[in-house]
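Student: Turn this into a structure:
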Amino acid sequence: MQIEFKNISKRFGKVQANRDINLKFASGRIIGILGENGAGKSTLMKILAGYQAADSGEIWLAGVHARYHGIQGALTSGIGMLQQDPLDIPAFTVLENFMYGGLPISRRQAREKLQSISQRFGFTLDPDTQVAQLSIARRQQLEIVRLLAMGVRLLILDEPTTGISAEQKQLLFKTLRELAKQDSVTVLLVSHKLEDVIALCDEVAVLRAGQVV
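Tutor: Purely as a prediction, here's the structure:
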């Protein structure tokens, strides 16, 4: 999905988190959103994912002015975000978390879909395991599978390599490359780690003090 930010600005009190952000990315690309902590990266992505509203500016998706509101509106528009700490429910099983959010399918169909998507990417996710028992990497995998099942065409990942092993990072990067190349999913990787951006991304946008540099 092609994405364009037009003059996006966001202020929190006296802090200008984003100032007149203008960026445009093609479909099926892996984009690094690079910058130090406090640069405005996560704020911009949360605006895109519907977690908060911009004070001004527009978002365009596939050449159309997007007017969605909230997280559900973003998901309906094909946009999903994987937070640094995945937004799952630890007391629920993997399958229950996968179904959370209203996938209009039966429990049996959900189990089959969960296993099908997981196997495609080499994820090991037991549907009956409680999420509280999963590592950060496994929780990330579950959230990616859930978002893909919901039809996401633009996937945002906020500092996804924090707290995972080198082997787990390799699997994550392999998955993201496959999504971009084979499914034309646009991937936005938020990071302050230059080595991750260089290893994975097709292009990079650098933010400093809320502005593109």
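Student: Give me the nearest residue to Gln211, chain neighbours excluded.
Tutor: Arg19 (5.1 Å; Cβ to Cβ, 6 or more residues apart in numbering). Where C-beta positions appear, they are placed from N, C-alpha and C, glycine not excepted.
Student: before we move on, which element is that neighbour in?
Tutor: strand 15-25 (DSSP states H and E).
Student: Mind listing residues that contact that strand?
Tutor: In this structure, residues lying in contact with strand 15-25 by Cβ atoms under 8 Å, 6 or more residues apart in numbering are 2-11, 31, 40, 43-44, 47, 54, 57, 186, 188, 203, 205, 207, 209-212.
Student: From those, list just the buried residues.
Tutor: Neighbour-count burial (16 or more other Cβ atoms under 10 Å) is assigned, among the contacts of strand 15-25, to 2-5, 8-10, 31, 40, 43-44, 47, 54, 57, 186, 188, 205, 207, 210-212.
Student: Mind checking which of the residues you listed land in helices?
Tutor: Thr43, Leu44, Ile47 (DSSP state H).
Student: want to throw those into JSON lines with distance to Ser106 and pLDDT?
Tutor: Rendered in JSON lines, the data for these read as follows (distance: Cβ to Cβ, whole Å; pLDDT from 0 to 100):
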{"residue": "Thr43", "distance to Ser106": "39", "pLDDT": "96"}
{"residue": "Leu44", "distance to Ser106": "38", "pLDDT": "97"}
{"residue": "Ile47", "distance to Ser106": "35", "pLDDT": "98"}
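Student: Tell me how far the closest residue to Leu179 other than its chain neighbours lies from Arg111.
Tutor: In space, and not counting its chain neighbours, Leu179 is closest to Val185: 4.1 Å by Cβ to Cβ, 6+ apart. Separation of Val185 from Arg111 (Cβ to Cβ, to the nearest Å): 24 Å.
Student: who's more crowded, the two?
Tutor: More neighbours surround Val185 than the other of Val185 and Arg111, with 23 against 17 (other Cβ atoms under 10 Å).
Student: tell me the contacts of the more buried one?
Tutor: When contacts are counted by Cβ under 8 Å, 6+ apart, Val185 touches Met1, Gly28, Val152, Arg153, Leu154, Leu155, Leu179.
Student: Out of the residues you listed, list just those in helices.
Tutor: Going by DSSP H, the helices hold Leu179 from the contacts of Val185.
Student: sorry, back to before: from the structure, what's the count of residues near the residue nearest to Gln211?
Tutor: So Arg19, with other Cβ under 10 Å, has 16 neighbours.
Student: quick one: pLDDT of it?
Tutor: pLDDT, Arg19: 97.
Student: Same check on the one 5 residues further on?
Tutor: The model reports Lys24 with a pLDDT of 97.
Student: Then Asn37?
Tutor: At Asn37, pLDDT is 88.
Student: before we move on, back to that, quick one: which of the contacts of Val185 is nearest Gln83?
Tutor: The closest of these to Gln83 turns out to be Leu155 (Cβ to Cβ; 12.2 Å).
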